[in-house]
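K.L.:
no sequence for this one, just the structure:
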């Protein structure tokens with residue numbers, strides 16, 4: 001499994017709705033509220049050779065209502 005993180009910027013006042021939608025979709029393994037430029041940080045896993053991360057983010061994450069922006073962090077190895 002390939003792990004990656006997505007920082008999510010939400011429309012004002014909609015962070016909890018976005019977090020709930022992510023949880024309901026059961027696509028994120030962990031979802032955190034954060035301070036700073038982004039409102040949420042979500043951790044995702046995809047099969048190494050089955051899913052293109054760009055398509056996954058575009059089709060499964062960015063389509064959730066009230067998301068304004070995302071920043072994807074691709075990981076290489078866990079220690």
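P.N.:
That came through, no problem. Note that the structure is predicted; figures quoted are calculated from it, not measured.
K.L.:
those helices in the chain, which residues are they?
P.N.:
Here the chain has its helices, by DSSP state H, at 15-25, 53-56.
K.L.:
now do the closest residue to residue 17 other than its chain neighbours: how many residues are near it, please.
P.N.:
Distance criterion C-beta to C-beta, 6 or more residues apart in numbering; nearest residue to residue 17, sequence neighbours excluded, is residue 66 at 5.7 Å. In this view, the C-beta of every residue, glycine as well, is placed from N, C-alpha and C. By the criterion of other C-beta atoms under 10 Å, residue 66 has 16 neighbours.
K.L.:
how about residue 76?
P.N.:
Using other C-beta under 10 Å: residue 76 sits among 6 other residues.
K.L.:
find the least confident helix or strand in the chain, judged by mean pLDDT.
P.N.:
Lowest by mean pLDDT, DSSP states H and E among the helices and strands of the chain is helix 53-56, with a mean of 93.
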